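Q: Okay, structure incoming, though there's no sequence with it:
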DNA sequence: TTTATCACTTGACATTTGTCAAGCCAATTT
DNA sequence: AAATTGGCTTGACAAATGTCAAGTGATAAA
């Protein structure tokens, strides 16, 4: 139930057995069915969510009803609308499950209690935020500096797991292109090899 | 010399006069001339840099020698290659001055000493990182969900100062379009009003 | 088992954006 | 003061990507 979370934390900081036992008390397990919402736009995002099993997506819907994938969350990944979480304002995003999933939820109250009780976790989250910034910088650079084909190649290289697990129409959206364009790119790349 | 920095910090946390005096000791002032590098690709980014006056840019250069603007820094903004700063690896980015500028530099060593001596600054930087993530999420969404014209309109709205201060060819690069396309978009928008 | 839906691909055509070249004007350098 | 460079715009054409429709096969629902 906590395997993926403890492994993720263990990669960044060392916790004693007592600390680990205490840490678990701050999290609330939650199961989602495929297509079930964790967060719906207009609601406040009240939890940080860690993915223990399954697959989630965070996306927005524009004026025309078109969905734009902004993030996927495989096991080992956190997913949250950080703006809504921090400000308490209603979110512009949706989070739902692409497969039946198991999450560990951390409310803001518990987040702060945990930080107070386990100051090592400040370091864990600072590293997490920093890694998040680095990943976003890479993705931003990809988005503005490269065409669709190169963005797909970089995506395949960075996230080989994703291409197996996630529908191509959602990957296309994540890359900012249409499914037709992605299909043509894949055909072209397949012919090159 | 520290006005913009202290104002920026004061917006997020409260420091006593003693703490403020101590804080200043961790920073090294630096002046850059227009076009002078702060960071050149291949070098390690050793400092967090706060912009007291002037204007900087952070950019990469691709295989074809084309520059891609990733960030601008007006007074009140920090600029750093966070990956290189944290890992000590050579940077893929460049930082230089678009105008004569004054910076306050914070080395990694001083960064950690300051955190130890002034734990309030953990909160300041956590808020900074969080705000950074939020801004990048907005920008990513803009990049993948909207066409060039809409991205320019959002940029104008979010950063009215930038359009006055920054050459249009650099803004075009930041938006992931060519100067010609930006020029046509501006002409079209001017005709709508 | 049958029907419906979803994911994916392909063709034909439209739109957006890029490339190249040229010209103008302001700013900078000599 | 003159020459050079940089910033910006515009025209003509090319390339990349989007849109719409149709078809196939797998998966899910009835």
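A: Received it, and whenever you're ready, just let me know what you need. Keep in mind the model is a prediction, meaning the values are calculated, not measured.
Q: Okay, helices next: where are they in chain A?
A: If you assign secondary structure with DSSP state H, the helices in chain A sit at A:3-10, A:17-24, A:82-87, A:108-117, A:120-145, A:148-158, A:160-165, A:168-175, A:179-192.
Q: Just confirm yes or no for the last one near chain B.
A: No - Helix A:179-192 lies out of reach of chain B by CB under 8 Å from any CB of the partner chain, never closer than 12.8 Å. All C-beta atoms are positioned from the backbone trio N, CA, C, and that covers glycine.
Q: And the helices of chain A: which comes nearest residue B:72?
A: Counting by CB to CB, residue B:72 lies closest to helix A:120-145 out of those; the figure is 13.4 Å.
Q: so the closest one versus helix B:148-158, what angle?
A: 130 degrees (axes from the mean of the first three to the mean of the last three CA atoms, to 10 degrees).
Q: Name the residues of helix A:120-145 that are buried.
A: A:121-122, A:124-126, A:128-130, A:132-134, A:136-137, A:139-145 (16 or more other CB atoms under 10 Å in any protein chain shown).
Q: What of stretch A:88-104?
A: A:91, A:93, A:94, A:95, A:96, A:97, A:98, A:101, A:102, A:103, A:104.
Q: Pull up the distance across it, start to finish.
A: 20 Å (CA to CA, to the nearest Å).
Q: how distant is that stretch from the center of its chain?
A: 9 Å (CA atoms, centre = their mean, to the nearest Å).
Q: That one and chain B, are they touching?
A: No - Stretch A:88-104 stays clear of chain B (CB under 8 Å from any CB), getting no nearer than 8.9 Å.
Q: list the contacts for residue A:70?
A: A:58, A:59, A:60, A:93, A:174, B:137, B:140, B:141, B:144 (CB atoms under 8 Å, 6 or more residues apart in numbering or on different chains).
Q: any chance of the residues you listed in a markdown table, plus pLDDT and distance to residue B:189?
A: Converted to a markdown table, these look like this (pLDDT from 0 to 100; distance: CB to CB, whole Å):
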| residue | pLDDT | distance to residue B:189 |
| --- | --- | --- |
| A:58 | 96 | 31 |
| A:59 | 95 | 29 |
| A:60 | 94 | 24 |
| A:93 | 95 | 28 |
| A:174 | 96 | 29 |
| B:137 | 93 | 26 |
| B:140 | 93 | 23 |
| B:141 | 94 | 21 |
| B:144 | 93 | 22 |
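Q: which of these lies closest to DNA strand D?
A: residue B:144 (9.0 Å; CB to the nearest atom of the strand).
Q: what sits against the closest one?
A: Residues counted as contacts of residue B:144 (CB under 8 Å, 6+ apart) are A:68, A:70, A:143, A:173, A:174, A:175, A:176.
Q: do residue A:40 as well
A: Residue A:40 neighbours (CB under 8 Å, 6+ apart): residue A:94.
Q: Can you pull the phi/psi pair for it?
A: phi -120, psi 140 (degrees, to the nearest 10).
Q: From the buried residues of stretch A:88-104, which land in strands?
A: A:94, A:95, A:96, A:97, A:101, A:102, A:103, A:104 (DSSP state E).
Q: my guess is the fifth one meets residue A:51, correct?
A: Read that as residue A:101. Yes - counting by CB atoms under 8 Å, residue A:101 touches residue A:51, with 6.6 Å between them.
Q: beta partners for the residue nearest to residue A:77 when sequence neighbours are not counted?
A: Setting aside the residues directly before and after it, residue A:77 is nearest to residue A:51 in space (CB to CB, 6 or more residues apart in numbering or on different chains), at 5.1 Å. Beta-bridge pairing of residue A:51 under DSSP bridges involves residue A:103.
Q: Does the worst-scoring helix or strand of chain A on mean pLDDT pack against any helices or strands, and if so which?
A: Here the helix or strand of chain A ranked lowest by mean pLDDT, DSSP states H and E is helix A:160-165, holding a mean of 87. The contact analysis (3 or more CB pairs under 8 Å, 6 or more residues apart in numbering or on different chains; DSSP states H and E) places helix A:160-165 against helix A:148-158.
Q: and the helix it packs on, anywhere near DNA strand D?
A: Yes - counting by CB under 7 Å from any atom of the strand, contacts between helix A:148-158 and DNA strand D involve A:148, A:149.
Q: Packing partners of that helix?
A: Here helix A:148-158 touches helix A:120-145, helix A:160-165, helix A:168-175, helix A:179-192, going by 3+ CB pairs under 8 Å, 6+ apart.
Q: what's the angle from it to helix A:179-192?
A: Going by the same axes, to 10 degrees, helix A:148-158 is angled at 70 degrees with respect to helix A:179-192.
Q: any idea how far helix A:148-158 is from the chain center?
A: 18 Å.
Q: where in chain A is pLDDT low?
A: For chain A, the stretches with pLDDT under 70 are A:193.
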